[in-house]
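[1] here's my sequence, what's the structure:
(chains A, B and C)
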Amino acid sequence: MKPPPFAYHDPRTLDEAIALLAGLPNARPLAGGQSMMPMLNMRFAQPDHLVDLNRITGLETVEVEPDGTLAIGAMARQRDLERHPAVARGCPMMVEALGQVGHRQTRNRGTIGGSLCHLDPAAELPLVAAASDAVVVAAGPKGRREATFADFARGFMTPGLDPDEVLVAVRLPALPAGAGCCFLEFARRHGDFAIVAVAVTLVPDAAGRIALARIALGGVGPVPLRLPEAEAALRGAAPGAEAFGQAAATTRHLDPLEDALVPAWYRRHLAGVLLGRALATAAGRMGRA
Amino acid sequence: MSGRTAFRDVPRLEDLPLLTGRGRFVDDIRPPGTLHAAFLRSPFAHARIISADAAAARAAPGIRAVWFAADIAPHLTGTRLKVALPSPAFRQTLDRPVLAEDEVVHVGEAVAIIIAEDRYLAEDALALVEVEYDPLPVVADCVAALEPGAPVAHAGGPHNLVGEFTLGYGDPDAAFAAAPVVVRERLAQHRGGGHSIECRGVLAIPDAVEDRLTVWSSTQTPHTARRMLCDLLGLPEDRIRVATPDVGGGFGPKLVFYPEEVVVALAARLLCVPVKWIEDRREHFIATTQERDQVWDVEMALDGEGRILGVRGEMVHDHGAWTARGLNVAYGAVSAMPLAYVVPAYRIRSRSAVTNKVPVTPVRGAGQPQGVFAMERLLDRAAARLGLDRAEIRRRNLVPADRMPYATPLKTRGGVPVVLDSGDYPRCMAEALRRADWEGFAARQQAARAEGRHLGIGLANYVEGTGRGPFEHVSIRVEPSGRIFVATGAVAMGQGTRTMMAQIVAEQLGGDMTNVEVSAGDTATSPLGLGGFNSRQAVMAGTSGHVAALRVRERVLQIAATLLEAAEADLEIEGREVRVKGTGLGTTLAEVARAAAGLPGFALPGGRAGIAAAEEVVIDAMSYANGSCVAEVEVDPATGHVALLKITFVHDCGRALHPRIVDGQVLGGITHGIGNALFEWMGFDDQAQPVTTTLAEYLLVTATEMPAQIEIGHLETPTPLNPLGIKGVGESGVIPVAAAIASAVEDALSPFGARITRVPIAPHHLVAAVLGLDA
Amino acid sequence: MSDDRSLSREVTCTVNGVKRAATVSVRRTLADFLRHDLGLTGTHLGCEHGVCGACTVLVDGRAVRGCLMLAVQAEDRAVTTVEGLAPDAASLHPLQAAFARHHALQCGFCTPGMLTTLVEFLAEVPEPTPTQVREAISGNLCRCTGYEPIVTATLEAAAAMRGQAA
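    Prediction:
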C-alpha cells in the first residue's frame, strides 16, 4: 500500500503555503499526516501536489488571551495539547478527549488543525470544538478570517475551507466560572474512533442550578451535533436525574448514520445513555458561579 | 521434572537477533537487482472476465512485465493448484487456478501480476490495467448457497455443495426418541482471519549457473511448497529449494500453498532476476485464507440426571470459493464436538458450501473452537432446563480419568482411530473452578446486582487433537568442528522451534545449547517434511529429534570409548567434551567427529562412518490435550460493553518442554479466543464484498482489552504415545474461550433472558437482547 | 532519479546517532527509507495504515508511525530505530534484556515497534503501573504473546532503569 505519485513542497512560511495551494492544481495540505497518509497509502486520496505544513514555525503555539480565550495554533500536536497546563485549565474536556484519540504514536504527530479539517464524524476534537463554541481562524490569499465551528463544519468530512485556505488556529472562549465539563465516548477498543461520543459543559448559576448547557454529540450525524432541545431543557434546571433524563430523552429524535458494523438504532440508544452519564459527571464537576 | 536443557525455561535462541532488529523476515532479504511484484485482484465476488488490456501498464515507468493467466500457462505444466487433502466426502473438485482464467470467484482473486523496479511503481501500473468484468450472481451465504434455486458460485458448476459427510456412531435417533430431556440450538460462529502481524511474502532467486531456484517464503509448509513448485514448473526436486526466513506469525493461513508463490517463482525464472512479492494488509483481507463461518443446528438428549444420551444435528460450513486445503476444518469441528464427554450416540451431518468469498482453511483452532462452542452451549442449555449447576452437569459427563485411554468410535480424517490417550478431565475442570472461585461466584454476582452491576461467569471444556502425524523429519550430525547441526522439516513461526530442537538435542549431547545449530523449514537441509500446523511440531519433530539424538549419543559414546579406551558406561558428554567420569581424561566432540569421518586406510571406530542420525518417527495416533476455561465478565446492559474480569485456564498438554513457551502459546491462543468471542468479525455484504478491510474495522485485541486477571494452570498427564510424553499446545488457548465468554455473558444478562448463540458478540447484540428487540 | 526537488530529494538525517543520507522519491515513506534505502530492516511494516504499530520509530525522541511519515519529513531530524536501542554491540537495553527474560516476544515482528514505543514511554513515566503500560502499548498489535509478558518485562525494565539512574 504505497502512496501514488505527487509533487512535494515544504514551504517555510504560511504565505508560501497559501501561494502554493492557490497556484497548484489538485494540491492538498499535509499536517500531522495521521489521516492523510493512510488515505494516500490506500490511494483514496490522489493529490498532484502535497503541501507540507510541518516546516512552518509559529503555527503550533498555545496562548491564553487576556479575556481567557484559549488560542491554539492549528499545527499544535495532539500529544502536546494533552499535556499542556493551559489546556488543562482552559478546556479540560479537550484533555479528557485527547486521552482517547488514537494512540500516543498518532498523537505525537497528529495536529488539532488536521483533525478539525479532516472532520471525521466520529472524531473527538471536532466534537470538543463544537461543544466549546470554538471559533476557527483560516488564512488564505485574501487574508485571515474567522468562522464559528458550526459554520466551519459544513457537512460530512467537508470543512468550510477554500482549497487555497489553511486553518491556522482555533480559539476557545474562556470557560465560565464553575463550569463542569465531561467528554465521554463509547468505542470498541481503547483509542478507536468513537461509536458515539458526547461532550457536555454545564455552567452553574449562583444558586447551583444549570444556567447554561452546551451539549454536542459525535458519531450520530455527518458533523458534530449540538442538541438545542436538550440544552433548552436543562436551562434553569436543578441538576439531577430528572433533568438529565429529560435531556437524554431528546436523543430519541436522532436519525443517526447506519453502517455495516453498527446499526443506527444502537447509536441513537447509546447517545441517550452516554448523555445521561456525561451530564451526571459534568454536574459533579460543577462549582459555583 | 526437568532435564539439563529440556523441560525447563532456557533462554530462547531466537531472541537476540529479533530484539536488536537483526531478524531476517522475507522482506528483509534484498538481493541486488530484485524486482517487485504486485497483483491485480478482482474487485468482484463473481464475474466473467470479458477482456483485459495491459498496454498502458506495460508502458508505465519501471514496469518489466504484466502477465495474465494466458501469458504464464505455456510455462507451467498445469494451471491448477492441486493441494487438496484427499477425502471421500468431496462432491466437487475445486482446484484453484494459478491466475484467474475467464472467471473470478471471490473479491481479491489474483488476475494478473505486475513486475516492476519497485512496489510503488508496480502499484501505479495496477491502476492502468483495464479489465472488463461481467458481474455474475453472487453466493454470499453458506446456508443460502445450499438452498434449491441458489445461484452457483462457479459459473457452470453443478451446485454449491463441495463436501458432505456424516460423522457418527451409536443410535442417536433411538436415544432421542426415549429421552426425557432434549435441548436444541442454532449456533453460529463467524469468519475471522489469521492476521499475523507479518503478512505473506515470497522471494524467488534464480541461479543461472546451476539452473536452480531458491524460494524464500513466509510459509508454514516449505516441503509442500517445494513439491508444488516442482510439479508446476516441471523441475526435478533438487532444482528448487524452499527455505523459510524468520516468519512473523503463521496461525494457519500460511500453511496453504498459494497462487502467488507459483507466479513469483515463475517470474524469477523467466526474467532471470530475483522477484519479490510482499503482501500488504489489504491483500491479507482478501487473498489470505480465513475461517470460522459455520452454522450448527444441533440438539442434545439427556436423562433426568443430566447425563448425555445422544447428540445429533446438522452443520453447514462455509468453504469459500476454492479448495485451498480440504474439508479438514469441517471435519475437525465435528469430530471435536463430543471429545471431552461421554457421548453414547452421536451424529452430525456436515455440508461444506462453496461461496464467493475468500477460501477457508485452518486458522488457529481449525474448526475445533466451533465444535466446542456447539457442545458447551448445549450443555449450558441443558443445565438451565434441568436446574443443574453448569459445572455439575459437566462433571456428570466428562470422560473420567479411569477410562483412559478412552477409545471413541470416531476416526480422524485420515482414518486413524480417535483414542483419548491420557488426561484427567474432571480434575482439570475442578482445578479451573477452584482457581476461578466458581463456588463463590453466586455471592459475588448477588452483591454486584445489588449495586446495579451485571457480573457473569462461564465455563467451557475442550479436548484437542494434537500432534498430527504421520511424521516430522529431524536429522542430526556432529561436524568436524564439534558443532552439532540439526535440521528439521518443522517450521518456526514464533513458537521457538529452534530453541525446542536445541533443548531436546542438547539434552543428550552435552547440554550446551550454544553448540547446537538448528536449520528449520529448509528443503535444502531436510529432504522430507510436513511443516507446522495442527499443534504437531513439539510432538512430531520433538520425538524424531529425541530419538535421533539418542542414536547420535550412542554413536558419540561408542567412538569416544574407542578413542579413550574406556567403557561407554563410564563416559559422559559435558559441553563440547566427552569425559571419563570422575577423571581428567577426555576427548572433544570435534575429535570424535573427525575420528568418525575416517582416515584413508585406518579402521573406523565401530566399523561405521560419520556421526549422524535422521529420523522420521511415525506416530499415526494423535495425542489429545485438554483444558478448562472459566471466564468472569461484567456486562453493561446499557451499552452492551463486556469487560473481562478474569480468565482462568487450566490445561494439560502432557510434559512441558519449555514451561514459559507453553504459557506463551496458551496466552496467545486465549487472546485470539477473546478476539473470536468479542471482536473479530470479517464481514461481507450480500454481494460478498468484504466490508472490513483494514485493521481499524477488523478488530484485533490490544493490550487494553485483555482481562484484568489471567490465571493459567497446568496439569501434566504425559502421553504414552511418544517418548517425551508431550502433547501439542499451539492452539489450545483459543479453543474454549469463545464458548466460556458466551456462557459468561449469557449468565450476566440472565435477568433479561438473553441467549448467546453466535460469536463474535457485538455490544448492540446485547443491548438488543436487554431491550427485547429483534436484532 | 529526477532533478526536480519536488519529485525526489536527498534526505539527510541522523539515524541511531550516525549521519545518513540517500536520494529518494518524495513519496517514499520513512519506514521504506529506513528499511530499503538505509538497510535498517529492523523496523517492520504490518499494515501501512497506521494501526498495527510495527513500524514505530522515534523521531526527535517521539514515537511515530514510520508508515505515516514521508522520508523527506525526516530531513535534519534524529531518528532512532530498534537497531539503535542497545548501548553498544555487547550489551542490551534493559527493555531488550527484560523482554528476553519474560518471553515478551515470540515471532518478533511487532517487537521493534513495541520497544521504541516503550523507550519513549519510560522516559516520560519512569515508574508506571501495569495499566499505564497497557495503555502505552495499546497502539501496538501483537498476535503472539497476549501482551502480559510485555507488561511484566516493561515493569522490570523500568525498575532496572530507575536503579541505574539512581
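
[2] quickly note the distance from the one residue in chain C that gets nearest to chain B to chain A.
    Chain B sits closest to C:G42 of chain C, with a gap of 2.1 Å, by C-beta to the nearest C-beta. Placement of C-beta: from N, CA and C, glycine included. From C:G42 over to chain A the distance is 17 Å, taken as C-beta to the nearest C-beta, to the nearest Å.

[3] wait, what's in contact with that residue?
    Residues in contact with C:G42, defined by C-beta atoms under 8 Å, 6 or more residues apart in numbering or on different chains, are B:T20, B:G21, B:R22, B:G23, C:T81, C:V82, C:E83, C:P112.

[4] and the furthest pair within those residues?
    B:G23 and C:T81 (12.8 Å; C-beta to C-beta).

[5] so which of the contacts of C:G42 comes closest to chain A?
    C:P112 (12.9 Å).

[6] around chain A, which positions in chain B sit nearby?
    B:119-120, B:123-124, B:127, B:280-282, B:638-641, B:679, B:681, B:683, B:685, B:691-692, B:694, B:696-697, B:699, B:701-702, B:704-705, B:762-764, B:767-768, B:771, B:773, B:775 (C-beta under 8 Å from any C-beta of the partner chain).

[7] could you list which of those residues belong to strands?
    B:H641 (DSSP state E).

[8] buried only: go through the residues of chain B next to chain A for me.
    B:119-120, B:123-124, B:280-282, B:638-641, B:679, B:681, B:692, B:694, B:697, B:699, B:701-702, B:704-705, B:762-764, B:767-768 (16 or more other C-beta atoms under 10 Å in any protein chain shown).

[9] taking these one by one, which sit in helices?
    B:R119, B:Y120, B:E123, B:D124, B:R281, B:R282, B:P763, B:H764, B:V767, B:A768 (DSSP state H).

[10] now the first one. Nearest residue, chain neighbours left out?
    In this case it means B:R119. B:H36 (4.5 Å; C-beta to C-beta, 6 or more residues apart in numbering or on different chains).

[11] which residues touch whichever residue of chain B sits closest to chain C?
    Of all residues in chain B, the one sitting closest to chain C is B:G21 (2.1 Å; C-beta to the nearest C-beta). Shown in contact with B:G21 (C-beta under 8 Å, 6+ apart): C:L40, C:T41, C:G42, C:T43, C:T81, C:V82, C:E83, C:P112.

[12] if we take these, which one ends up nearest to B:T648?
    Out of the contacts of B:G21, the member with the shortest distance to B:T648 (by C-beta to C-beta) is C:P112, at 33.0 Å.

[13] please, which helix or strand holds the closest one?
    Counting by DSSP states H and E, the element that carries C:P112 is helix C:111-124.

[14] after that helix, next one along is what?
    Using DSSP H and E, the first helix or strand after helix C:111-124 is helix C:130-136.

[15] which residues in chain A form helices?
    Under DSSP H, chain A gives helices at A:14-23, A:36-41, A:78-82, A:85-90, A:92-98, A:104-109, A:112-118, A:124-131, A:149-152, A:228-234, A:241-249, A:264-285.

[16] put the alpha carbons of the first one into PDB.
    To tie it back to what came earlier, the one meant is helix A:14-23. Presented in PDB, the C-alpha positions along helix A:14-23 are these (Å, rounded to 0.1, in the frame of the first residue of the first chain):
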ATOM      1  CA  LEU A  14       2.400  30.400   5.800                       C
ATOM      2  CA  ASP A  15       2.300  32.800   2.900                       C
ATOM      3  CA  GLU A  16       4.300  30.400   0.800                       C
ATOM      4  CA  ALA A  17       2.000  27.600   1.700                       C
ATOM      5  CA  ILE A  18      -1.100  29.600   0.700                       C
ATOM      6  CA  ALA A  19       0.500  30.600  -2.500                       C
ATOM      7  CA  LEU A  20       1.300  27.000  -3.300                       C
ATOM      8  CA  LEU A  21      -2.200  25.900  -2.500                       C
ATOM      9  CA  ALA A  22      -3.600  28.700  -4.600                       C
ATOM     10  CA  GLY A  23      -1.400  28.200  -7.500                       C
END
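
[17] buried sites along it?
    Neighbour-count burial for helix A:14-23 [16+ other C-beta under 10 Å]: A:L14, A:A17, A:I18, A:L20, A:L21.

[18] in a markdown table: the residues you listed, plus pLDDT.
    A markdown table is the format used below for those (pLDDT from 0 to 100):
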| residue | pLDDT |
| --- | --- |
| A:L14 | 97 |
| A:A17 | 98 |
| A:I18 | 98 |
| A:L20 | 98 |
| A:L21 | 97 |
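
[19] okay, and the nearest residue to B:V580 once chain neighbours are set aside sits in which element?
    Closest residue in space to B:V580, ignoring its immediate chain neighbours: B:A566 at 5.0 Å, by C-beta to C-beta, 6+ apart. Taking DSSP H and E as the definition, B:A566 sits outside all helices and strands.

[20] from chain B, how far off is the closest residue to chain C within the stretch 1-150 of chain A?
    As assessed by C-beta to the nearest C-beta, chain C sits closest to A:H103 within the stretch 1-150 of chain A, at 2.6 Å. Going from A:H103 to chain B by C-beta to the nearest C-beta gives 9 Å.

[21] so what's that residue up against?
    A:G191, C:G53, C:S138, C:G139 are the contacts of A:H103 under C-beta under 8 Å, 6+ apart.

[22] next, give me the two most distant ones among the residues you listed.
    A:G191 and C:G53 (10.7 Å).

[23] wait, A:L40 touches A:M1, no?
    No - using C-beta atoms under 8 Å, A:L40 makes no contact with A:M1, being 9.1 Å away.

[24] of these two, who's got more company?
    A:L40 (26 against 20; other C-beta atoms under 10 Å in any protein chain shown).

[25] residues in contact with the more buried one?
    Applying C-beta under 8 Å, 6+ apart to A:L40 gives the contacts A:P3, A:P4, A:F6, C:R27.
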